[in-house]
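>>> give me coordinates for this.
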Amino acid sequence: MTAATDAAVVASSGAGVRAAVVTASDRAASGERPDATGPGLVRRLVEAGYACDVAAVVADGQESVAGGIRRALDAGARVIITTGGTGVGPRDRTPEATHTVIDREIPGLAELLRREGAASTPMAALSRGIVGVVDGPGSVIANLPGSTRGATEGLETLLPLLPHVLDQLTGGDH
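Got it, this is the predicted structure:
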């Protein structure tokens, strides 16, 4: 096997790829309630072969979410999943925070997430979540809804696509 083939095999399984989950929730960040969604996303990423620590919980709002994403990037995460803050509430600013970190958007993935989510609930159309990449480390960031069901379904939609995205970010062939 060549080094490129070895890298493709690793990326296809998620093995050796660091992932992170950032939960945006004022109530969870203040200790008012536990993070109901982040731990399940971490568990599923680990099952898919990604190296992923416990979910980071941050308050809603642009600066706190951007900080959580940047810390995940600094820790070497190539897959960052955010949950929460994608709706139209006054403090829902996860997409705005993500815009400050990414280099490019992948609008087709955000559209796919909304379309697949709409099969379960029409509320999926209210999500303003984006998906984008950070070129330097070759990382992908996806904003998922705060609801456990919506986030879980969104991650299941993304998982088969992530290896190809990661491969492309490191110069893999189409």
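
>>> which stretches in the chain count as strands?
Using DSSP state E, the strands assigned to the chain run over residues 18-24, 51-52, 56-58, 79-83, 104-105, 131-134, 139-144.

>>> how far off strand 139-144 does the first one point, in degrees?
In other words, strand 18-24. 30 degrees (axes from the mean of the first three to the mean of the last three CA atoms, to 10 degrees).

>>> quick one: contacts of strand 18-24?
Counting by CB atoms under 8 Å, 6 or more residues apart in numbering, the neighbours of strand 18-24 from elsewhere in the structure are 35, 37-38, 41-42, 45, 50-53, 55-61, 64-65, 68-69, 72, 75-85, 94, 146. Bear in mind the C-beta positions are built from the backbone N, C-alpha and C, glycine included.

>>> equivalent analysis for the second one, please.
Counting contacts by CB under 8 Å, 6+ apart, the residues outside strand 51-52 that touch it are Gly16, Val17, Arg18, Ala19, Ala20, Val21, Val42, Leu45, Val46.

>>> repeat the analysis, applying 10 Å as the threshold.
Outside of strand 51-52, the residues within contact range by CB atoms under 10 Å, 6 or more residues apart in numbering are 14-21, 41-46, 76-79, 81.
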